[in-house]
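*Asks:* Provided below are the primary sequence and the corresponding predicted coordinates.
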Amino acid sequence: MASRAGPRATGTDGSDFQHRERVAAHYQMSVALKSEIKKLNIAHAVVWFLVAAQVVVSQLNLVSHKVVAAPYQWEYTYLLSIIPTVFSFMALPKNNISYLVISMISAGLFCVAPILYGGMEMFPVAQQLYRHGKAYRFIFGFSAVSIMYLVLIISVQVHGWQIYYSKKLLDAWFTNTQEKKKK
């Protein structure tokens, strides 16, 4: 700081930065991972909303089945995949390990399992489309199986990264709690 009396006080010119405290690496990692998980949660919410919209529109007969095809069976169970996202959002603000673990386990049950089942359920239809060029279900004029496989591919990536980043975040939080217990 400059003063009226003269030059800056020694040690305040910014050259003493090497002796200052730094943010611990696991705190920096925690902030970065939380940000990534939030982005993935939002991406999942968008995919979930699209699947939910298709199910609702089809079930309520808001449009013809020629415009929006009836949902596949896996789409109904995939609607439960919002549960892990809710727990993930609840875990992040207060570093709640229990909620993050519940989110990871339920992501396997409600996200990955329906996706795997959906891939198997739609495979014969996709094979028929590939071999014969015939599609019987459509979503706005596009083959329903093609659109739903695209949704599956995006969902696999989103949920895979969610689980991976959640595990890394859990490790960072455990590092923090282990250091506190040692002190």
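*Replies:* Thanks, I have it.
*Asks:* okay, the nearest residue to residue 92 once chain neighbours are set aside: pLDDT?
*Replies:* Excluding the flanking residues, the one nearest residue 92 by Cβ to Cβ, 6 or more residues apart in numbering is residue 34, at 5.1 Å. Using the backbone N, CA and C atoms, a C-beta is placed for each residue, glycine as well. pLDDT, residue 34: 95.
*Asks:* wait, isn't residue 34 in contact with residue 94?
*Replies:* No - between residue 34 and residue 94 there is no contact under Cβ atoms under 8 Å: 11.3 Å.
*Asks:* quick one: which of these two has more around it?
*Replies:* Neighbour comparison, residue 34 and residue 94: the larger count goes to residue 34, with 18 against 8 (by other Cβ atoms under 10 Å).
*Asks:* That one sits in which helix or strand?
*Replies:* Taking DSSP states H and E as the criterion, residue 34 maps to helix 25-59.
*Asks:* Can you list the buried residues in that helix?
*Replies:* For helix 25-59, the neighbour count (16 or more other Cβ atoms under 10 Å) marks 26, 29-30, 33-34, 36-37, 40-41, 43-45, 47-48, 51-52, 54-55, 58 as buried.
*Asks:* what element comes up after that helix heading to the C-terminus?
*Replies:* That would be, after helix 25-59 and using DSSP H and E, helix 73-78.
*Asks:* Show me what whatever helix or strand comes next after that next one packs onto, helices and strands only.
*Replies:* Going down the chain from helix 73-78, the next helix or strand is helix 82-91, by DSSP H and E. In terms of contact count using 3 or more Cβ pairs under 8 Å, 6 or more residues apart in numbering; DSSP states H and E, helix 82-91 is assigned the packing partners helix 25-59, helix 97-107, helix 144-182.
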